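# The following comprises the amino acid sequence and a computationally predicted model.
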Amino acid sequence: MGISNQNTALSIDFISVFGLHPVQFVALAAELGCPHISIALTPMPANPHGYPRWSLRDDRGLRQGTISALKDDGVTISLGEGFLVRPGTEVRDSAADLDCMHELGVPTVNILSLEPDASRALEQLATFADMAHARNMRATLEFLPGLPIADLASAVAAVRAVGRPNLQLLLDAMHVFRSGAQVADLAALDPALVGYAQLCDVPWVSKLASYADEARYERLPPGEGELPLLDFVSVLPRDVVVGLEIPMLGQAERGIAPHDRLSGCVSSARNLLARRRT
């Protein structure tokens, strides 16, 4: 199983740009030659460049402006982000947010679970998948160390237990390998289980005290860490979008613009995909 280079679409994913205005984000992706972006409805808290705050949830004019920019620049949204299963809340309350994602043309929405009650988590994930399906969207489940669904095996088990054909896995290279999965585990997956992939690099052992802070703020371009990324991309299904989730807050705080931070990441990712093994 391998990826055809021509069939591998790159996305600039949301946390890589630290709250850049959506229309400017679309233009950035086009400038970098990436056909996709991922998006959330509001910016993440980190805002080192002092961007004006925006909301795709509350501002219908911004949604329409973003849709126009996507069409004009030949970019699409590959993934909608920001959905969580939380204790004491209901995913049904995210219906309006899913409507916004559908209006933006989002094909897939991603969710993480913070719910420690396994049976309730599965029920909420099933509801989310059904809500996505009702809007002609797929859903992906992301896992990471420290959450109740913390590794590949538990995420696969959850997707299979939910039993919705539109619910798949999101494979983030950092979370996959830091949680203990091996390339052989990925190669053994049913390709139909994989809905999205995210690419970055990190050292095997973090230099930061907080895993969450490293994941949200400080990742490395492909080739600058220690993850087996060539093996990772070589076993992904050929039609999966590869998102570059590479936040580099330290560089942003030094005034390095998004284009300058990410252009090297795009080049490194393309080089990696060109060398993948089939």
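Cool, got the structure. Numbers count the residues shown, from 1 in each chain.

# Do me a favour and average the pLDDT over stretch 131-144.
Mean pLDDT, computed over stretch 131-144, is 98.

# Repeat that for stretch 256-265.
Rounded mean pLDDT across stretch 256-265 is 97.

# what's next to that stretch, contact-wise?
The contact list for stretch 256-265 (C-beta atoms under 8 Å, 6 or more residues apart in numbering) reads 12, 16-18, 20, 28, 31-32, 49, 221-222, 244, 246, 248, 251-252. Quick note: C-beta positions are derived from backbone N, CA and C, even for glycine.

# Which strands border the longest strand belonging to the chain, and is each parallel or antiparallel?
Ranked by residue count, the top strand of the chain under DSSP state E comes out as strand 76-85. Note on strand 76-85: by DSSP bridges, its sheet partners are strand 36-39 (parallel), strand 108-113 (parallel).

# could the ones you listed go into TSV alongside distance to A155 and mean pLDDT?
As requested, those are exported to TSV (distance: least, C-beta to C-beta, whole Å; pLDDT from 0 to 100):
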stretch	distance to A155	mean pLDDT
strand 36-39	19	98
strand 108-113	9	98
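
# Export those strands to CSV and append columns for distance to R261.
What follows is the strands paired with strand 76-85, written out as CSV (distance: least, C-beta to C-beta, whole Å):
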stretch, distance to R261
strand 36-39, 15
strand 108-113, 23
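
# for K207, what are its contacts?
Contacts of K207 (C-beta under 8 Å, 6+ apart): none.

# so it sits in a strand?
No: assigned with DSSP: H, G, I helix; E, B strand; the rest coil, K207 falls outside any strand and is coil.

# when you give positions from now on, start the count at 23
Shifting the count to begin at 23 puts that one at K229.

# tell me the helices in the stretch 123-272 of the chain, going along the chain?
Using DSSP state H, counting those that start in this stretch, the helices of the stretch 123-272 of the chain run over 140-156, 174-184, 195-200, 205-209, 233-239, 251-256, 271-275.

# and among the ones you listed, the most buried is which?
Across the helices of the stretch 123-272 of the chain, the average number of neighbours (mean count of other C-beta atoms under 10 Å) peaks for helix 195-200, which reaches a mean of 23.

# neighbours around R276, how many?
10 (other C-beta atoms under 10 Å).

# Just the C-alpha atoms of the helix or strand bottoming out on mean pLDDT in the chain, please, in CSV.
Ranked by mean pLDDT, DSSP states H and E, the helix or strand of the chain with the weakest confidence is helix 233-239, at a mean of 92. Output in CSV follows, covering the C-alpha atoms of helix 233-239 (Å, rounded to 0.1, in the frame of the first residue of the first chain):
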residue,chain,number,x,y,z
TYR,A,233,2.6,17.4,26.0
ALA,A,234,-0.4,19.6,25.2
ASP,A,235,1.8,22.7,24.9
GLU,A,236,4.2,21.0,22.6
ALA,A,237,1.3,19.7,20.4
ARG,A,238,-0.4,23.1,20.2
TYR,A,239,2.6,25.4,20.0
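
# Can you tell me which helices and strands that helix packs against?
Other helices and strands packing on helix 233-239, by 3 or more C-beta pairs under 8 Å, 6 or more residues apart in numbering; DSSP states H and E, are helix 195-200.

# List of residues touching the helix it packs on?
164-167, 174, 208, 219-224, 226, 228, 233, 237, 241, 249-251, 254.

# so for that helix, what's the average pLDDT?
Here the average pLDDT along helix 195-200 is 97.

# CA atoms only: put that helix into PDB for me.
Output in PDB follows, covering the C-alpha atoms of helix 195-200 (Å, rounded to 0.1, in the frame of the first residue of the first chain):
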ATOM      1  CA  ALA A 195       2.200  11.600  13.300                       C
ATOM      2  CA  MET A 196       3.200  13.100  16.600                       C
ATOM      3  CA  HIS A 197       0.300  11.400  18.500                       C
ATOM      4  CA  VAL A 198       0.700   8.100  16.600                       C
ATOM      5  CA  PHE A 199       4.300   7.500  17.500                       C
ATOM      6  CA  ARG A 200       4.400   9.200  20.900                       C
END
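
# quick check, distance from it to the centre of its chain.
Here helix 195-200 is found 13 Å from its chain centre; the criterion is C-alpha atoms, centre = their mean, to the nearest Å.
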